[in-house]
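Chemist: build the 3D model from these lines:
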Amino acid sequence: MIGRGQRQVEHIVAHLKARATQHLKREQLWPPDERPVWAKGCWKVFLDAPNDVVRAIQYVNRNPEKEGKPRQRWSFVTPFAD
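Modeler: Coordinates of the predicted model:
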């Protein structure tokens, strides 16, 4: 989840996909047959109510556990202040 900013969300997603692709290719993790790994476009939802934002954050935080993986913690993630 990202907060609203001046850049269009489609541009942010395109940049994220491009940089991730560069990294995967550099690490030789990209599929050798060059098949697409990203969906076209992006799925975007705008949340205006703080309760909706909290619920979405909880969903994202719990998602890895559905596959038996640990929760992820990242240094660049900041807590939501409602």
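
Chemist: could you pull out the helices for this structure?
Modeler: Assigned by DSSP state H, the chain shows helices spanning 9-26, 50-62.

Chemist: closest to residue 40 out of those helices?
Modeler: Across those, residue 40 has its closest neighbour in helix 9-26 (10.2 Å, C-beta to C-beta). Yep, even glycine has a C-beta here, placed from its N, CA and C like the rest.

Chemist: ok, back up a step: can I get the helices of the chain in CSV with mean pLDDT, mean neighbour count and distance to residue 78?
Modeler: Formatted as CSV, those follow (pLDDT from 0 to 100; neighbours: other C-beta atoms under 10 Å; distance: least, C-beta to C-beta, whole Å):
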stretch, mean pLDDT, mean neighbour count, distance to residue 78
helix 9-26, 94, 12, 17
helix 50-62, 93, 12, 11
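
Chemist: the ones you listed: which one's closest to residue 39?
Modeler: Using C-beta to C-beta, the nearest of the helices of the chain to residue 39 is helix 9-26, at 9.4 Å.

Chemist: send me the closest one as CSV with only the CA atoms.
Modeler: Extracted in CSV, the C-alpha atoms of helix 9-26 (Å, rounded to 0.1, in the frame of the first residue of the first chain):
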residue,chain,number,x,y,z
VAL,A,9,-0.4,5.1,-9.5
GLU,A,10,0.1,3.5,-13.0
HIS,A,11,3.5,5.2,-13.3
ILE,A,12,4.5,4.0,-9.8
VAL,A,13,3.5,0.4,-10.7
ALA,A,14,5.3,0.6,-14.1
HIS,A,15,8.5,1.8,-12.4
LEU,A,16,8.3,-0.9,-9.7
LYS,A,17,7.9,-3.6,-12.4
ALA,A,18,10.7,-2.2,-14.5
ARG,A,19,13.1,-2.1,-11.5
ALA,A,20,12.1,-5.5,-10.3
THR,A,21,12.7,-6.9,-13.8
GLN,A,22,16.1,-5.4,-13.9
HIS,A,23,17.0,-6.9,-10.6
LEU,A,24,15.7,-10.4,-11.5
LYS,A,25,17.6,-10.4,-14.8
ARG,A,26,20.8,-9.2,-13.1
